[in-house]
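*Asks:* the sequence isn't on hand, but the structure is:
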């Protein structure tokens, strides 16, 4: 059964429920008819990591709590890819290890007997930034999520561009360092394997264990791991090794983003995800692109930070539902 | 004045004139109402390289020879980018050194008082492959021209995707080798600087001059240069240096094409340009992509050779005109 075709008139819905399933956190929100977020609940996905059914039941409970009496709502879902958006299926997402193919749209359709749509989370975030965020009004726009992993979404002529079998926009898996480190996707030298939070953390741990001294090693001894945010902090405190690790990651980020600009020449590039909390990252990427992009009008292309932050995919899940009518 | 808006009904034209301005050769053809090429003239562009006006006058003469009496025609032009397709202006194309901004649409409009459209040559070729060539029917499709330079065109949902200021699809200027050789665009390590006919020729000359012996050096002594085709020939005759040069160029070609597949996930990739005359190149690229593209459904994506060859942009110039009504 196909769940994402418009089977209903938008006018019949009094409000919307948005669900953003994330690798760490899942957000459930109630949105007004004009897509304002009214109330939000957060679930620690991590507790239900190996049991999608339990997570879906927990989400359903939150929806019951958010529901309004005597009124009709539609549901929009965003989830880590790969997704089959037509059939409403999440398919073995690398960010939700242990999940196989999960028919999320069918689950909520059966539970609430209403219109349900599913979108890849990066696509949903891209669409939200285009509709109401930093990319508002730029009909050809790309969105990068720079976080533990690196993902992307493409808006062409004001619509999500999904590509063959919903797999476009995987910006994190372009090869930027030939024969570089192995990526979780199975390839080598992908942007995600070099510039993501995961890569920064991996490199920091490896350097710390080789040197067995310095700030990074102290952090490792204390926490048993080193997060990307630790590396940023250590670098700001003058740690050379941390600076080198970040410098490499940010340079390749510049290459990956410049390459997408060269291929697509969008009017606007929106950068979201945890790594962009470091404000200078956006400035570094702007500088790199200004120097290296020669064929697209780089001085006219906006490179801006996401304005919806952690809620971009949640907003996108609902905006995408509304748009699909 | 804007030349590319539909100012006329397609029914009023009895036939079409296509013009493909190339860095080496310019083609002028007469096409039937249903876009069959009926007659073609070729001009050596190189003779008029520094004088666009003389070239345009020469094209106009060819059109007079191709014209049919008492019937109406429209003109489609393809030219090396960058172009302003709305205003019909070719803007300082690197492949036509000495040209500044040339108002080609205006020239032919004044000369023949008819509908004129202009398109970037790689976009025109992409559109032709989509309409009547190897990419026929694949609504999301990309086209690579692998030649002296490396260019590209993107078809999204059956239309040419031009991007901001007509500059999308510059696949040859993605960075594939960080800090690699300087590119003619001014950046470094671009696909074109590593894998194009120009790069193969440059590397062969440089190796020959260092070694001062071997097949490549003999060719250089004889011809004063070494073409990419010489390197392919020498490699097929067992020359190790040539094999290494080509191996590097083809590996990076694989990276560049894989990256575009990962970003856009098209249903079909059409490869054209002189380098694809070496049949094994397409096979090598298919193998590379099959191994390295993990996020797009690579086993279902067609990677095929252009079926229109040298005439792809010429066909595209006319098909684009027809499509613009």
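*Replies:* Okay, I see it. On a predicted model such as this, the values are computed, not experimentally measured, just so you know.
*Asks:* in the stretch 1-150 of chain A, which residue sits closest to chain B?
*Replies:* When scored by C-beta to the nearest C-beta, the stretch 1-150 of chain A has residue A:140 as its residue closest to chain B, at 6.2 Å. (Glycine included, C-beta is placed from N, CA and C.)
*Asks:* that residue against residue B:166, yeah?
*Replies:* No. In this structure residue A:140 lies outside contact range of residue B:166 using C-beta atoms under 8 Å: 11.8 Å.
*Asks:* where's residue A:75 relative to residue A:108, distance?
*Replies:* Using C-beta to C-beta, to the nearest Å, residue A:75 is found at 5 Å from residue A:108.
*Asks:* how is residue A:152 assigned, secondary-structure-wise?
*Replies:* At residue A:152 the chain is in strand, as set by DSSP: H, G, I helix; E, B strand; the rest coil.
*Asks:* what residues are up against it?
*Replies:* The neighbours of residue A:152, taking C-beta atoms under 8 Å, 6 or more residues apart in numbering or on different chains as the test, are A:122, A:126, A:142, A:143, A:144, A:145, A:169, A:170, A:171, A:172, A:260, B:263.
*Asks:* tell me the confidence at the closest residue to it other than its chain neighbours?
*Replies:* Closest residue to residue A:152 apart from its sequence neighbours, by C-beta to C-beta, 6 or more residues apart in numbering or on different chains: residue A:171 at 3.4 Å. In this model, residue A:171 is scored at 98, pLDDT.
*Asks:* by contact count, what packs against the host helix or strand of residue A:234?
*Replies:* Residue A:234 belongs to helix A:228-236 when elements are defined using DSSP states H and E. On a contact count with 3 or more C-beta pairs under 8 Å, 6 or more residues apart in numbering or on different chains; DSSP states H and E, helix A:228-236 meets helix A:197-211, helix A:215-223, helix A:240-264.
*Asks:* pLDDT on it, on average?
*Replies:* Mean predicted confidence for helix A:228-236 is 97.
*Asks:* what do you get for stretch A:53-66?
*Replies:* For stretch A:53-66, mean pLDDT is 96.
*Asks:* where's that stretch relative to the chain centroid, distance-wise?
*Replies:* Taking C-alpha atoms, centre = their mean, to the nearest Å, one finds the center of stretch A:53-66 at 22 Å from the center of the full chain.
*Asks:* re the thing from before, of the contacts of residue A:152, which pair is most distant in space?
*Replies:* A:145 and B:263 (14.7 Å; C-beta to C-beta).
*Asks:* thinking again about what came up before, which members of the contacts of residue A:152 are classed as buried?
*Replies:* Taking 16 or more other C-beta atoms under 10 Å in any protein chain shown as the criterion, what is buried in the contacts of residue A:152 is A:122, A:126, A:142, A:143, A:144, A:145, A:169, A:170, A:171, A:172, A:260, B:263.
*Asks:* in CSV, list these along with secondary structure and distance to residue A:116.
*Replies:* Output for those, formatted as CSV (DSSP: H, G, I helix; E, B strand; the rest coil; distance: C-beta to C-beta, whole Å):
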residue, secondary structure, distance to residue A:116
A:122, helix, 20
A:126, helix, 20
A:142, strand, 27
A:143, strand, 23
A:144, strand, 28
A:145, strand, 24
A:169, coil, 22
A:170, coil, 25
A:171, helix, 28
A:172, helix, 28
A:260, helix, 31
B:263, helix, 29
